[in-house]
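**Student:** below: sequence and its predicted model.
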Amino acid sequence: MERISPVTGSRRLLSRLRDVMAGAEASQERLNQIVTIIASDFVAEVCSIYVLRAGEVLELFAATGLAVQSIHTTRLSIGEGLIGRIAVQARPLALADAQSHPDFAYRPETGEEIYQSLAGVPILRGGRVTGVLAVQNRTARSYTEEEIETLETTAMVIAELIANSKLLSQEELHAVEGLDLLSISIDGIRLNGGMAIGEAVHHEKRIQISKLVSDDPIAEQQRLDQAVIEMHGAIDQMLEATDVAEGGEHKDILETYKMFAEDAGWLARISEAIKNGLTAEGAVDKVKNDTHARFRKQTDRYFRERLHDFDDLAHRLLQHLVDVNKASENSKLPKNIILIARNMGPAELLDYDRASLKGLLLEEGSATTHVAIMARALDIPAVGRTEEAIEKIEPGDTIIVDGDNAKVHIRPADNIKEAFVDILATRAERIASYASLRNVPSQTKDGTSVELHLNAGLLADMQSINDTGADGIGLFRTEIPFMNSHNFPDVRRQSRLYERIIEQSGGKPVIFRTLDVGGDKSLPYWENDKEENPAMGWRAIRVSIDRPALIRNQLRALIRAAQGRELSIMFPMITEISEFDKARKILDLELERANANNYKPVKNLRVGTMLEVPALAYQMPALLKRADFISVGSNDLFQFLFASDRGSPKVSDRFDPLSPAGLNFLKSIIEQCDATKTPVSLCGEMAGRPLDAMALIGIGFRTLSMAPSSIGPVKTMIRSLSIHDLRLYLNSLKDVTEHSLREKLREFAIDHSVII
Ligand code: PEP
Ligand code: MG
């Protein structure tokens, strides 16, 4: 056997493969050449490439040294035989005596019985197994670590060929004996109900690497060193821009940074891959893939988070190596987008064309984050906490988002698609049945009326008043149009919008909430200092009081839009009475100004407040003297009451509003409002969940405000409920100290045939 240094050997092999890749031959022909080159380079009698196809089948796609008739005939399922084992474990395997391994599966059509040793590696792309590359020898040969490393590097080049060639076009995959594409499902949490099918679009564009194989390892190492320096610089700058000592999110970055700086092994592995003939970006990608393949089976949260860290670092490093603008995927988006992101702000969702945006998947997220609320406002089915969705989904994959069941089907098989079409039909029937409830009263079995209002934020939402038969708009989030704009809308623009909203309400009441910006509701055109805890930072009424020009313009626009009609205005995040007084004073100034300028006086001005900061609940007597109505914002209220971030996947569901503390708190508010006959409603997300709404009605709420899609289910619940029974039951739970009353309330609903 010719003896050359392993590194030189690897580079020589890669450069030969690169020539083949650049050739004009058909993809199958190039695969045939590749196996011949690898076999000769490895001095192996066999080299074979198996490709993972539909139905988790590994098909022999190219081979030298095996019987010709076995190509495209031999198929192994994942986990079957040694090849299947390599695929399922996503790890290399090298055996001097392969035939005595318990997993060895003999396939007579290949004629492989004469080969004793085997080395195989997974073909990985995006951290996913897409095939297996193997070499075999007649003698009992021990393969060295360097040889395995070379095989792994070679497998990367093959992964590119498989992904980019027509050889494995979607159509062909479908054509193979009617097999379907490999499909998987992921469970998550429901962010918004509904179902949709569409094409995957990654919110953060993946970096595409166009050049994998290099001629000059020294130059590539220099590029890597330079990129590492730049990355360090960029992270340092980020750290300098924030006060690290305060901890929180930025501290996480610092820790990741430190971990990276200490992880010499990670950089060493990248350098090793460069020595083996990859470009710097190819090497970063290879190590990213390897790390992913090794870590992905880990269930331990610590390891999984480290995997995220390594992914982030690799991504950052790649950004310094590749011209991202040139390398990012084609920006032309499909007409039926299923958007995939780790997390995103609500304004970012509005960057997408509403008509094309069909569904949303987030790896993180919780039901009360603003992006989820936005998804509900836009009525886009959405699922959160879809683990590894970014890795598992390729751009353009067919995706079914089943928001109702918090499930996602990736590359669904035909039978799933068919079932989905049936479900959609049934769902359409159910929605039609809700539509038929449009004109029936929202009344319990024992005759109590409950007003149902809508949460809205777009002009397009106004149509929902008509569709659902809702009693009005209980919360119009005025910040949404601001988020949807490229600059601050001036008074005239705002006034035109508010006027149309009032007109389209058909005389039903609309409660306009003044700007609630800040926190995660940032405006793209408004620079704001980063805060450690933005949800309880400079947001909502705090901004309005400190920068009154903003709210003055908005109030001016609202008064003008009313044109002598009724107007309801609500302030967000009021924490103490003096804030309400200040906001009210600004409003009075604007009313005077409108008067002086001969605008028609507002007919029945109602001024209320959100109750979403617990402190306000301890100033009720003073508040009730001032506010014409109160709307409980349970999303914020409970994040502050329980000290649990509504946007954090780790804690957002840790405490339940349907708990003794949650319900007692709300009950005390409602009793005080009732005593003074002050209208009170609840407009947080819990109002739209039938079981939660049932509990709210049980403790005394008679007005709820929710997303349009919740009106039907909540009205159905109300019409099947007897408040009398529920009251008795809630009384019996007075002394319960459990973490949550949810299960008990669910049992009550089932026992009393309440439709939840
Ligand atoms: C709330 O906090 O419950 C609420 C309705 O306001 P937002 O979700 O817009 O913060
Ligand atoms: Mg709020």
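**Tutor:** Arrived safely, thanks for sending. Just so it is clear, the structure is predicted and the values come from calculations on it, not from any experiment. Ligands and ions are numbered 1, 2, ... in the order given.
**Student:** for beta bridges, what are the partners of the nearest residue to L31 once chain neighbours are set aside?
**Tutor:** Distance criterion CB to CB, 6 or more residues apart in numbering; nearest residue to L31, sequence neighbours excluded, is A62 at 3.9 Å. Using the backbone N, CA and C atoms, a C-beta is placed for each residue, glycine as well. Beta-bridge pairing for A62 (DSSP bridges): I49.
**Student:** what's around A62, how many residues?
**Tutor:** Number of residues near A62 (other CB atoms under 10 Å) recorded here: 25.
**Student:** can you check the one 3 residues further on too?
**Tutor:** The tally of other residues near G65 (other CB under 10 Å) stands at 21.
**Student:** dump the residue contacts of the residue nearest to L31.
**Tutor:** By CB atoms under 8 Å, 6 or more residues apart in numbering, the residues touching A62 are Q28, L31, N32, I34, V35, S48, I49, I71.
**Student:** between those, which has the most around it?
**Tutor:** Comparing the contacts of A62 by number of neighbours (other CB under 10 Å), S48 comes first, having 28 neighbours.
**Student:** anything in the host helix or strand of L704 near ligand 2?
**Tutor:** Under the criterion of DSSP states H and E, L704 resides in strand 703-706. No - shown here: strand 703-706 not in contact with ligand 2 (CB under 5 Å from the ion), separated by at least 12.3 Å.
**Student:** now that strand: average pLDDT?
**Tutor:** Averaged over strand 703-706, pLDDT sits at 97.
**Student:** quick revisit: what separation is there between the residue nearest to L31 and ligand 1?
**Tutor:** From A62 across to ligand 1, the span is 56 Å (CB to the nearest ligand atom, to the nearest Å).
**Student:** and V121, by the same measure?
**Tutor:** The value you get for V121 to ligand 1, if CB to the nearest ligand atom is used, is 50 Å.
**Student:** quick one: that residue is in a helix?
**Tutor:** No - with DSSP: H, G, I helix; E, B strand; the rest coil as the criterion, V121 is strand rather than part of a helix.
**Student:** what's around it, how many residues?
**Tutor:** V121 has 28 neighbouring residues, counting by other CB under 10 Å.
**Student:** what residues are up against it?
**Tutor:** Shown in contact with V121 (CB under 8 Å, 6+ apart): I86, P92, V132, L133, A134, I148, L151, E152, A155.
**Student:** got the residues of the protein near ligand 1?
**Tutor:** Residues of the chain lying close to ligand 1 by CB under 6 Å from any ligand atom are I373, L475, R477, D516, E612, G633, S634, N635, D636, C683, G684.
**Student:** pLDDT value on the fifth one, please?
**Tutor:** At E612 the predicted local distance difference test score is 98.
**Student:** got a list of what it touches?
**Tutor:** By CB under 8 Å, 6+ apart, E612 lies in contact with P572, M573, V632, G633, S634, N635, D636, L637, F640, G684.
**Student:** could you check how far the closest residue to it other than its chain neighbours is from A615?
**Tutor:** Excluding the flanking residues, the one nearest E612 by CB to CB, 6+ apart is G633, at 3.3 Å. Distance of G633 to A615, given as CB to CB, to the nearest Å: 14 Å.
**Student:** out of the two, which sits in the busier spot?
**Tutor:** Shown here are G633 and A615; by other CB under 10 Å, G633 has more neighbours (24 against 11).
**Student:** one step back: just the buried residues from the contacts of E612, in ChimeraX please.
**Tutor:** Only the buried members of the contacts of E612 enter the following ChimeraX selection, criterion being 16 or more other CB atoms under 10 Å:
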select :572,573,632,633,634,635,636,637,640,684
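**Student:** now the contacts of E612 as a markdown table including distance to A44?
**Tutor:** Shown next, in a markdown table, are the contacts of E612 (distance: CB to CB, whole Å):
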| residue | distance to A44 |
| --- | --- |
| P572 | 70 |
| M573 | 69 |
| V632 | 71 |
| G633 | 68 |
| S634 | 66 |
| N635 | 62 |
| D636 | 65 |
| L637 | 68 |
| F640 | 66 |
| G684 | 65 |
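**Student:** reformat the contacts of E612 as TSV; add pLDDT, distance to G111 and secondary structure.
**Tutor:** Listed next are those as TSV, based on pLDDT from 0 to 100; distance: CB to CB, whole Å; DSSP: H, G, I helix; E, B strand; the rest coil:
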residue	pLDDT	distance to G111	secondary structure
P572	98	75	coil
M573	97	75	coil
V632	98	75	strand
G633	98	72	coil
S634	97	69	helix
N635	95	66	helix
D636	96	70	helix
L637	98	72	helix
F640	97	71	helix
G684	95	68	coil
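**Student:** looking at the contacts of E612, which is nearest N598?
**Tutor:** Of all these, the one with the least separation from N598 (CB to CB) is P572, at 30.6 Å.
**Student:** quick one, what contacts the closest one?
**Tutor:** Contacts for P572 (CB under 8 Å, 6+ apart) come out as R513, T514, L515, D516, A540, I541, M610, E612, G633.
**Student:** kindly give a single ChimeraX line that selects the buried subset of the residues you listed.
**Tutor:** Under the burial definition 16+ other CB under 10 Å, those of the contacts of P572 that qualify are selected in ChimeraX by:
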select :513,514,515,516,540,541,610,612,633
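**Student:** which ones among the contacts of P572 map onto helices?
**Tutor:** Residues of these located in helices (DSSP state H): I541.
**Student:** among the contacts of P572, which are within reach of ligand 2?
**Tutor:** Applying CB under 5 Å from the ion, the subset of these adjacent to ligand 2 comprises E612, G633.
**Student:** flag the shaky bits of this structure, pLDDT-wise.
**Tutor:** Residues of the chain that meet the criterion pLDDT under 70 lie in 1-8, 54-55, 126-127, 165-183, 206, 237-263, 293-309, 323-331, 415.
**Student:** contact residues of it facing ligand 2?
**Tutor:** Residues of the chain lying close to ligand 2 (CB under 5 Å from the ion) are E612, G633, D636.
**Student:** go with 8 Å
**Tutor:** Within the chain, the positions near ligand 2 by CB under 8 Å from the ion are D516, A540, P572, M573, M610, E612, G633, N635, D636, L637, G684.
**Student:** what's the farthest-apart pair in those residues?
**Tutor:** A540 and G684, at 14.6 Å, using CB to CB across the residues of the chain next to ligand 2.
**Student:** before we move on, the earlier item: which ones among the contacts of V121 are found in strands?
**Tutor:** The members of the contacts of V121 that map onto strands under DSSP state E are V132, L133, A134.
**Student:** just those now: which is nearest ligand 2?
**Tutor:** Distance to ligand 2 across the ones in strands among the contacts of V121 (CB to the ion) is lowest for V132, with 52.2 Å.
**Student:** OK, contacts around the closest one?
**Tutor:** I49, Y50, L58, I83, I86, A87, G120, V121, P122, I123.
**Student:** residues contacting the fourth one?
**Tutor:** It refers to I83. Listed by CB under 8 Å, 6+ apart, the contact set of I83 reads Y50, L58, L76, G120, V132, A134.
**Student:** same check on the fifth one?
**Tutor:** With contacts defined as CB under 8 Å, 6+ apart, the neighbours of I86 are P92, L93, G120, V121, P122, V132, A134.
**Student:** ditto for the last one
**Tutor:** Taking CB under 8 Å, 6+ apart as the contact definition, I123 lies against I49, V51, V129, T130, G131, V132, L133, A155, M156, I158, A159, I162.
**Student:** mind running it again at 7 Å?
**Tutor:** Contacts for I123 were tallied using CB atoms under 7 Å, 6 or more residues apart in numbering; they are V129, T130, G131, V132, L133, A155, I158, A159, I162.
**Student:** could you identify the most distant pair in those residues?
**Tutor:** Spatial extent of the contacts of I123 (CB to CB) is set by the pair V129 and I158 at 12.4 Å.
**Student:** give me the buried positions along stretch 462-479.
**Tutor:** For stretch 462-479, a neighbour-count test (16+ other CB under 10 Å) marks 462, 464-465, 467-479 as buried.
**Student:** same deal with stretch 141-154?
**Tutor:** Residues of stretch 141-154 classed as buried: R141, Y143, E147, I148, E149, T150, L151, E152, T153, T154 (neighbour count, 16+ other CB under 10 Å).
**Student:** contacts for that stretch, please.
**Tutor:** So stretch 141-154 is contacted by 6, 9-10, 13-14, 17, 38, 42, 92, 94, 96, 117, 119, 121, 133, 273, 276-278, 286 (CB under 7 Å, 6+ apart).
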